[in-house]
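Asker: got a predicted structure here, sequence first:
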Amino acid sequence: MAAVIPAVSKLTSRIIRILGCNPGPMTLQGTNTYLLGTGQNRILLDTGDKDVKEYQSQLAELVQAEQVNIEHIVVTHWHHDHIGGVENLYGTIAKQPKVWKYRRSPDDDQDELSQIYPIRWLTDGQELKVEGATVRVHHTPGHTTDHVVLTLLEENILFSGDCILGEGTAVFEDLYNYMKSLNRILELKPSVIYPGHGNIIEDPMKKIEYYIAHRNQREAQILETLKKNKEKQLNEMDLVKLIYTETPENLWPAAAYNVNHHLTKLTKENKLYCTTTDGETRWQYAGNVESNL
């Protein structure tokens, strides 16, 4: 069983973690948000969900107790459990913060969120600095197109957002880009990982390598399952029921989402073919698969 994450934890002299108080099957104990720096002006990394009064109260008490100002809010990606709280914090707990996020697409200036509060667009390799904390931005698409991770240069700590979790594995929008991002994180060689959900990862290289190996293993399992059932056409949920035998049923939809991305990749590689009937897509093992492996 995962260790309980306290509502507020001082992790190092320059990092305070504030739990988003929004537990759930996909958020685990809740979204981890982080206050960075040692001086009066700080960086807040992620903001949890919208209208979570318990989280806002914890953050307000912390800001008052530390007598600090939130100068920058950095959002790792657009999902509601990371960006939702900005609307509650902007102009209140964070008086006049600069809100930073990577673009989801080239026309992200029209994003509806930018109509609520001004957003400054992050760039790959950009650095933000306050007293005691310098963070470098790394664009890591895959979980979402706009996902970023950040390294704290003073301590070689990686804030992984939803790219790597403290427990379990992550979902993604694009498997190809996600695998590239995992390999990029591996090259960063962080000393420790502070994830967007779950507990601190003290052995980061092992964890990153596991994530890469896990995705490769899942792909092999999907291909082998279709090969064993080569006379059948199967959809994502059929495969989940055959492969994810130890996964709780309430997590099957998320597993099916990931399986779909594997199937799309394998189809592009001509290892599978798919047919769509009445709006439902099913996949089947391609007879020439041996020549492609």
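Answerer: That came through fine. Everything quoted here is computed from the prediction, not taken from an experiment.
Asker: the stretch 151-293 of the chain: strands as residue ranges?
Answerer: Shown for the stretch 151-293 of the chain, the strands assigned by DSSP state E, counting those that start in this stretch span residues 157-161, 192-195, 272-277, 280-285.
Asker: determine which of those strands approaches Val75 most closely.
Answerer: strand 157-161 (9.1 Å; C-beta to C-beta). C-beta here means a position set from N, CA and C on the backbone, and glycine is covered the same way.
Asker: where does Val63 fall, phi/psi-wise?
Answerer: phi -60, psi -40 (degrees, to the nearest 10).
Asker: quick one, what contacts it?
Answerer: Residues near Val63 by C-beta atoms under 8 Å, 6 or more residues apart in numbering: Asn69, Ile70, Ile93.
Asker: hang on, the second one is in a strand, isn't it?
Answerer: Spelled out, that is Ile70. Yes - assessed with DSSP: H, G, I helix; E, B strand; the rest coil, Ile70 lies in a strand.
Asker: how many residues are close by it?
Answerer: Residues near Ile70, counting by other C-beta atoms under 10 Å, number 23.
Asker: number of residues surrounding the spatially closest residue to it that is not a sequence neighbour?
Answerer: When the adjacent residues along the chain are set aside, Ile70 lies closest to Ala94, with 3.8 Å between them (C-beta to C-beta, 6 or more residues apart in numbering). For Ala94, the neighbour count with other C-beta under 10 Å is 23.
Asker: and Ala94, what pLDDT?
Answerer: At Ala94, the pLDDT value in this model is 97.
Asker: would you mind confirming that it is in contact with Leu44?
Answerer: Yes - the criterion here is C-beta atoms under 8 Å, and Ala94 meets it with Leu44 at 6.8 Å.
Asker: now for those two: what residues contact both?
Answerer: Common neighbours of Ala94 and Leu44 (C-beta under 8 Å, 6+ apart) are Ile70, Ile73.
Asker: returning to what we had before: roughly how far does the residue nearest to Ile70 sit from Arg42?
Answerer: Taking C-beta to C-beta, to the nearest Å as the measure, Ala94 falls 10 Å from Arg42.
Asker: give me the common contacts of the two.
Answerer: Both Ala94 and Arg42 are contacted by Asn69, Ile70, under the criterion C-beta under 8 Å, 6+ apart.
Asker: all set, thanks.
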